[in-house]
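here are the coordinates; sequence isn't available:
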C-alpha cells in the first residue's frame, strides 16, 4: 500500500513561506512536527507504528534537497526513491540508500518492490499531489497541527478533486491524527 504522510496547519499548509536550506519547513513550519519532536504517548504510538510498517519511501527532489542535512540519513530506515529530472548515482546512507528516479510511476514501482509486504510512504507536496492525481495513493495519513501559518506550500491546491473515507481519528496535544482511505473514482466519472 502507498501511504501519503502529511502534516498540515489548520489553514492547510505543509510548510511555511520561504522554504530553503536554512528553513526546510519554511518560516514557522518547524512547529508542524512538534508531534514528532515533543511527542505525547499517543504520538509515540503513531510514530512506532509508522516505523514498524514502512518498507520504502518515495519523495520529491526538493524534499530531498532541503531535508538531507537535517536527517543526515534517509528520512525513515528504508530504501528511499527520489523523483527527479536530475538523476545521479545512488547515495548510500547509514540506514538505507537514496535512489534517484526519473518518474513518479517508476519510483513507486521500485519502492513497492523494495518494501515487500510493508507500506510505501510518499513525502513532499508536489509528488503527493501527483500521486493522488494518478490514483496511486491508497491511504492519506494526515496530521492537523493546531495553528495557522498564513502562507506556504499547500497539499491541496484545488486542481484535482479527491474523495476520502475516514478510517480513524485521534487527538493529541500537538495534532489531530486522521487516517483516510482514498476513494477511487470510477473510470470516466467526474468528481
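Right, received. Where do you want to start? All figures in this text were calculated on a predicted structure; none of them were measured in a lab. Numbers count the residues shown, from 1 in each chain.

how about the helices of the protein, start to end?
34-37, 41-53, 61-71, 104-115, 125-133 (DSSP state H).

show residues contacting the last one.
Residues outside helix 125-133 that contact it (CB atoms under 8 Å, 6 or more residues apart in numbering) are 2, 4, 6, 14-15, 58-60, 62-63, 83, 104, 108, 122, 137, 140, 153-157, 159-160, 162, 182. The C-beta positions use only the backbone N, C-alpha and C, and glycine is treated the same way.

buried members of the residues you listed into PyMOL, please.
Selection command for PyMOL covering only the buried members of these, criterion 16 or more other CB atoms under 10 Å:
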select buried, resi 2+4+6+14+15+58+59+60+62+63+83+104+108+122+137+140+153+154+155+156+162+182
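
inside strands: which ones of the contacts of helix 125-133?
Counting by DSSP state E, the contacts of helix 125-133 place 2, 4, 6, 14-15, 58-60, 83, 122, 140, 153-154, 182 in strands.

closest to residue 174 out of those?
residue 6 (14.9 Å; CB to CB).

ok, back up a step: reformat the ones in strands among the contacts of helix 125-133 as TSV; add distance to residue 131 and pLDDT.
Below are the ones in strands among the contacts of helix 125-133 laid out as TSV (distance: CB to CB, whole Å; pLDDT from 0 to 100):
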residue	distance to residue 131	pLDDT
2	7	94
4	7	95
6	11	94
14	14	94
15	18	94
58	8	98
59	11	96
60	10	94
83	9	97
122	5	97
140	10	96
153	16	93
154	16	92
182	10	95
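
a markdown table please, covering those and showing distance to residue 133.
Formatted as a markdown table, the ones in strands among the contacts of helix 125-133 follow (distance: CB to CB, whole Å):
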| residue | distance to residue 133 |
| --- | --- |
| 2 | 13 |
| 4 | 12 |
| 6 | 15 |
| 14 | 16 |
| 15 | 20 |
| 58 | 15 |
| 59 | 17 |
| 60 | 14 |
| 83 | 14 |
| 122 | 12 |
| 140 | 13 |
| 153 | 16 |
| 154 | 14 |
| 182 | 11 |
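
which one of those residues is nearest residue 29?
residue 15 (4.5 Å).

check contacts around that closest one.
Residue 15 touches 25-26, 29, 32, 125, 149, 152-153, counting by CB under 8 Å, 6+ apart.

out of those residues, what pair is the most spread apart?
Checking the contacts of residue 15 with CB to CB, the most distant pair is 125 and 149, at 13.1 Å.

out of the ones in strands among the contacts of helix 125-133, who's nearest residue 169?
Proximity of the ones in strands among the contacts of helix 125-133 to residue 169 (CB to CB) peaks at residue 140, which lies at 12.4 Å.

most centrally placed residue in this structure?
Central residue of the chain (CA atoms, centre = their mean): residue 123, 2.7 Å from the mean position.

what sits closest to it if chain neighbours are left out?
residue 59 (4.2 Å; CB to CB, 6 or more residues apart in numbering).
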